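Asker: I need the structure of the sequence given here:
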Amino acid sequence: MTVIAGKVESDKIVIGSDSQVTHGWHSKDLVDDGKLMVLPDLIIGGAGASSHNNYMSIYLENHKPRSSQRRDVLEFFVEFHQWIDKMIKDFKPRNSWLLAYDGKLISTTADLNVEHHEWWAVGSGFEYARSALHLGHTVEEAIQTACDLTVFCGPPVVVRELPLDTRPAKPSGRSGRRAPRSNGS
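Answerer: Numbers count the residues shown, from 1 in each chain. Here you go, the predicted structure:
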């Protein structure tokens, strides 16, 4: 289970996660970036199935949303679901996502609701983290609050930052894929 939280600050977007992975009655801590996938111009965290996060890390090697606009983010996730469905027949999206991209903090639910936020949290500890963020606490404090109040989240807390002036490299077609070349006819 998971908590991913983020907040837009004056010069950056801060996004973080807990590090506990729960399998039935067992749990363990992740290392490095926890449940976050960090690229130079994008940070994304997924709450739900670990396998979906693993697939997303592979997908991000060649794909990104064209921009932070709702339509472009929606298209990115639709294409991700189509891509993953080729590997997992009858794929059922279960993850909620929080991403910092193109100067925005964006959430996406499993049923593809895309929203922009000043602060937000997803995952099993979201109520605790959102309450802390609403009260003005930092992302790290919000995630730690969730870790303290539910057995489904656990330390260590992992926090990463994305400067607000970070913009993606020249987009080349939808979702970062190149458009087909015309043969001139």
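Asker: could you pull out the strands for the protein?
Answerer: Using DSSP state E, the strands of the chain run over 3-8, 12-17, 20-23, 26-29, 36-39, 42-47, 96-101, 104-108, 114-117, 119-123, 158-163.
Asker: for the first one, packing partners?
Answerer: The one in question is strand 3-8. The contact analysis (3 or more Cβ pairs under 8 Å, 6 or more residues apart in numbering; DSSP states H and E) places strand 3-8 against strand 12-17, strand 42-47, strand 96-101, strand 104-108, strand 119-123, helix 126-134, helix 139-149. Where C-beta positions appear, they are placed from N, C-alpha and C, glycine not excepted.
Asker: In contact with Glu161, which residues?
Answerer: Lys12, Ile13, Val14, Ile15 (Cβ atoms under 8 Å, 6 or more residues apart in numbering).
Asker: repeat that with 7 Å
Answerer: Lys12, Val14 (Cβ atoms under 7 Å, 6 or more residues apart in numbering).
Asker: For the residue nearest to Ala132 when sequence neighbours are not counted, give its distance to Glu115.
Answerer: Excluding its sequence neighbours, the residue lying closest to Ala132 (Cβ to Cβ, 6 or more residues apart in numbering) is Ala142, at 3.8 Å. To Glu115, Ala142 is 18 Å away according to Cβ to Cβ, to the nearest Å.
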